[in-house]
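Asker: this one's structure only:
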């Protein structure tokens, strides 16, 4: 039996009030705010954060694969999934796959993961999605989109939601699209797109999925549809017979519409609310629609927490619209940074991104980066490679206004990880006043610079909010 | 340490250019002037120089990359010239190597020249070439600020105490015609200046500067051929520790082992038992205000954690019992990395000769010069004394 075994999510901590966008363009403001990526965040870091939230303290070797889904992957050619598998120390034999090109990428990845688990290719697979879709400044989507990531784990053991039935509908549409090489997502006429693309495709997928699961629409307790317009959900419910009070909100006024991760966020809410035995309808839209009918098991109690609430609460204000444009690269900024080379990257593969320290068998000092002779006692004994805990405390810090960083001042921290290794890390998602000695932190993968003509990612520390 | 060079080497020539934003001067201009001033001070021409050491940390446009960078400007052809680079200890280490070479008996007369052209490059101070991920995004102030914040937390010290170092060193620099910044500052000005890297504001940081300084060294027994007031090398020490102290789980950030070790080497050679009493003046590495305070402790002028009392009680002022940075220090004299160490030895030399003018330290007989780079990766300490 295959189904969902866990979930995780992470929104960009920066929140930009819609009224700041409206006042920049002398337009009308939607209610609320949206989550916007910092300069060091992108689709890959959001997917990383969501996967980290999903995995928690679990041993990485417990996962048989990782799929990455996005419409804004930092790489057009190169696997982001393989990158994440490396950073999170998944086994070498882990399945990796990248799904792209549509807001339905994550649900397609879930389908592939289900098929792989059912076929015995892997015991479980993480599907993690991230997006940082930039809408045209002043355009209709600017107050609609938001940035973040979400993840699901698909497995055969400890299933919290079984798949009772599923259906997919493919439609060739041009409602939201981005031409290769363009920076901004385009949107056509919203009324046309919703009425003639979204509602028919989603309704058809729902009807087929319910039929395949042999479940009546009225028996659905929770409906999780990834939509960037709340109004159309009522139309879908009416057309398919779903109970209107089963419809879950999409947090469009809190974080915005995330793109590929959006349906996973909506499903995460359902998983947090559902009682054992209740049925969930989960739908993703984009060039058609995927619909899944799920039944929640007793196991759900073990994973239910308040992850959605925590992700919504973990935020800091974006003080200006201009700063948002700067972070999104609308203004070109300095510093490609020091050069990383493919050879260096490969040479340090065993310890740099996976964060592996050396432990001296003689004096037991745990230190990073690894070196042949023990940093303290000089022992030449063969060192023990140990994973560095991705949590710790700030040993010391500075707020550096001199170094080039779009999110100035740069928090530069020395962190003592839980297992004793000392690391030199930049801080991120900190308010200036919140960085101090002994403050607990967690590590997050962030984009450091584009030296060497490719994006260079490394770990940063952020407040241990959860 | 097996050997000693105590009293075997003398400084008989010293020259230094005006430090500052020397936009109108080239690397070669400055190196030429410093070298010729030192030769004139020793009363010699370049044909007396048998070997030379050049300290430059940041070569630019090819200048400063090799010893030959000073063979054309000073007409030093056909002799060994060695370039030294060792972080902020570059200049003092060039001197140390030259002194050891003279003490070995290999040469009678040699030149040490430190030169740096720092203002001829892109913005944002010293370029740092580091590991692309694990060292990315560091500025020099940030590396020292990391230590300062830990130290200040541990010992309950505030920015007000740091500011007193800037006030003192600017006071001294305002009385030095060769200093980059010849202007006094108040504690309020220091505290209200723009933040650079917390806790360091603009006036807690030394400027980036152009400059050059040179020394002529000779065997002690022939020193009187050149000058009546030779200054003797009493002790030298250099120590290297971790290149990446911020990764070292055993590092407490309360001071620098490299300075402690280099000082103990130099003191042992010089026969200094109680530096607080015996050292009459010190030129120490005040790249940032906090660094000077931790130097007091690492150099043994007081116990760990008590450095604040030396500055707060005025003991390191010109009129104190152990004047520190009478030249104005890196803080106001400027810090052209490869030139700094040689310039500090120039100040100690002139003070020991009694040529300090308005800044002359009373009865100066034994002086010290110190650099720390890295931070804490390398330190170099030299003790100089009057020959009489």
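Answerer: Happy to help now that I have it. Small disclaimer: the values here were computed from a predicted structure and weren't measured.
Asker: The stretch 1-150 of chain B: helices as residue ranges?
Answerer: Taking DSSP state H, counting those that start in this stretch, the helices of the stretch 1-150 of chain B run over residues B:27-42, B:71-74, B:90-103, B:140-155.
Asker: Could you give the number of residues near the nearest residue to residue B:305 once chain neighbours are set aside?
Answerer: Closest residue to residue B:305 apart from its sequence neighbours, by CB to CB, 6 or more residues apart in numbering or on different chains: residue B:155 at 4.8 Å. For every residue, glycine as well, the C-beta is placed using N, CA and C. The tally of other residues near residue B:155 (other CB atoms under 10 Å in any protein chain shown) stands at 15.
Asker: now swap in residue B:365 and tell me
Answerer: Applying other CB under 10 Å, we find 15 residues neighbouring residue B:365.
Asker: State the distance from it to chain A.
Answerer: Separation of residue B:365 from chain A (CB to the nearest CB, to the nearest Å) stands at 40 Å.
Asker: quick one, what contacts the closest residue to chain B within the stretch 201-350 of chain A?
Answerer: Here the stretch 201-350 of chain A gets closest to chain B at one residue, residue A:340, 3.8 Å apart by CB to the nearest CB. By CB atoms under 8 Å, 6 or more residues apart in numbering or on different chains, the residues touching residue A:340 are A:451, A:452, A:454, A:456, B:132, B:133.
Asker: Do a quick rundown of the strands in the stretch 51-200 of chain A.
Answerer: A:65-70, A:95-100, A:124-131, A:148-155, A:161-170, A:176-177, A:186-187 (DSSP state E, counting those that start in this stretch).
Asker: The longest one - contacts with which helices or strands?
Answerer: Pointing back at strand A:161-170 there. Judged by 3 or more CB pairs under 8 Å, 6 or more residues apart in numbering or on different chains; DSSP states H and E, the packing partners of strand A:161-170 are strand A:3-11, helix A:105-119, helix A:199-213, strand A:288-296.
Asker: Mind listing what's buried along stretch B:181-200?
Answerer: By 16 or more other CB atoms under 10 Å in any protein chain shown, the buried positions in stretch B:181-200 come out as B:181-182, B:185, B:187, B:189-191, B:193, B:195-200.
Asker: State the phi and psi torsions of the closest residue to chain B within the stretch 1-150 of chain A.
Answerer: Going by CB to the nearest CB, chain B is nearest to residue A:40 of the stretch 1-150 of chain A, at 10.1 Å. The phi/psi pair for residue A:40 (degrees, to the nearest 10) reads phi -100, psi 10.
Asker: Pull up the residues of the stretch 251-388 of chain B that are close to chain A.
Answerer: Within reach of chain A by CB under 8 Å from any CB of the partner chain, the stretch 251-388 of chain B has these residues: B:251, B:253.
Asker: same thing but at 7 Å, please
Answerer: Counting by CB under 7 Å from any CB of the partner chain, the stretch 251-388 of chain B comes close to chain A at residue B:253.
Asker: follow-up on the earlier one: what would the helices of the stretch 1-150 of chain B look like in CSV with mean pLDDT?
Answerer: Shown next, in CSV, are those (pLDDT from 0 to 100):
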stretch, mean pLDDT
helix B:27-42, 98
helix B:71-74, 96
helix B:90-103, 98
helix B:140-155, 96
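Asker: Which one of those lies nearest to residue A:179?
Answerer: Residue A:179 lies closest to helix B:140-155 among the helices of the stretch 1-150 of chain B, at 41.8 Å (CB to CB).
Asker: what about the strands in the stretch 151-300 of chain B?
Answerer: Under DSSP E, counting those that start in this stretch, the stretch 151-300 of chain B gives strands at B:195-197, B:200-201, B:210-219, B:231-240, B:281-283.
Asker: Make JSON lines out of those and add mean pLDDT and distance to residue A:89.
Answerer: Formatted as JSON lines, those follow (pLDDT from 0 to 100; distance: least, CB to CB, whole Å):
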{"stretch": "strand B:195-197", "mean pLDDT": "97", "distance to residue A:89": "34"}
{"stretch": "strand B:200-201", "mean pLDDT": "98", "distance to residue A:89": "38"}
{"stretch": "strand B:210-219", "mean pLDDT": "98", "distance to residue A:89": "49"}
{"stretch": "strand B:231-240", "mean pLDDT": "98", "distance to residue A:89": "34"}
{"stretch": "strand B:281-283", "mean pLDDT": "98", "distance to residue A:89": "50"}
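Asker: what sits against the residue nearest in space to the middle of chain B?
Answerer: Residue closest to the average C-alpha location in chain B (CA atoms, centre = their mean): residue B:341, at 3.3 Å. Taking CB atoms under 7 Å, 6 or more residues apart in numbering or on different chains, we find residue B:341 in contact with B:55, B:89, B:90, B:91, B:92, B:95, B:114, B:369, B:371, B:380.
Asker: Please identify, among those residues, the one with the most neighbours.
Answerer: Those, ranked by neighbours (other CB under 10 Å): first place residue B:91, 37 neighbours.
Asker: hang on, that residue packs against residue B:342?
Answerer: Yes: the criterion here is CB atoms under 7 Å, and residue B:91 meets it with residue B:342 at 4.1 Å.
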